[in-house]
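In: build me a structure from this.
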Amino acid sequence: MNNLSVVETSSIPAMSNTAIDKVNRFHDELIKRPQGTVHTNHILHGGTYVRTIWMAAGFVMTSALIKIPTTLIVQGDVAIFVGEDIPLELSGYNVLPASAGRKVVIVSRSDAYLTMLFPTDVGTLA
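Out: Have a look, this model is predicted:
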């Protein structure tokens, strides 16, 4: 018999309003700098919305305010500011539970793919 065990090494918690405000202020300064391109692909399949972005090495971005819990898959080397002074450092392939109520800063140290997914009952991406 196969036993499936899940070992949670990292997660992305909900953030305080103070931390979200800090990210918003950082975003206001970041938007004044030259902007790069984030490549986005999204699909809706089997009641699951899946969005993947690709970030080049050295890219810095802020996320939207995420209002629902999601699963986040990260492939690459990134640092994610999640409201603490010490960022969440990820390397390689990571699958993370990510809470609702977060707006993060992501710094890619290598080319990186980030995929967010969550269940939905919508029927179209439009």
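
In: note down every partner strand of the helix or strand that contains residue 115 and its orientation.
Out: Assigned by DSSP states H and E, residue 115 belongs to strand 112-119. Partners of strand 112-119 in the sheet, by DSSP bridges, are strand 48-55 (antiparallel), strand 70-75 (antiparallel).

In: for the ones you listed, which one sits closest to residue 38?
Out: Closest of the strands paired with strand 112-119 to residue 38 is strand 48-55, at 5.1 Å (criterion: CB to CB). The way it works is simple: take the backbone N, C-alpha and C, and place the C-beta from them, glycine included.

In: which SSE is immediately downstream of the closest one?
Out: Going down the chain from strand 48-55, the next helix or strand is strand 60-62, by DSSP H and E.

In: and that following strand, which residues are buried?
Out: Residues of strand 60-62 classed as buried by neighbour count (16 or more other CB atoms under 10 Å): 61-62.

In: with stretch 47-63 instead?
Out: Quick answer for stretch 47-63 (16+ other CB under 10 Å): 49-55, 59, 61-63.
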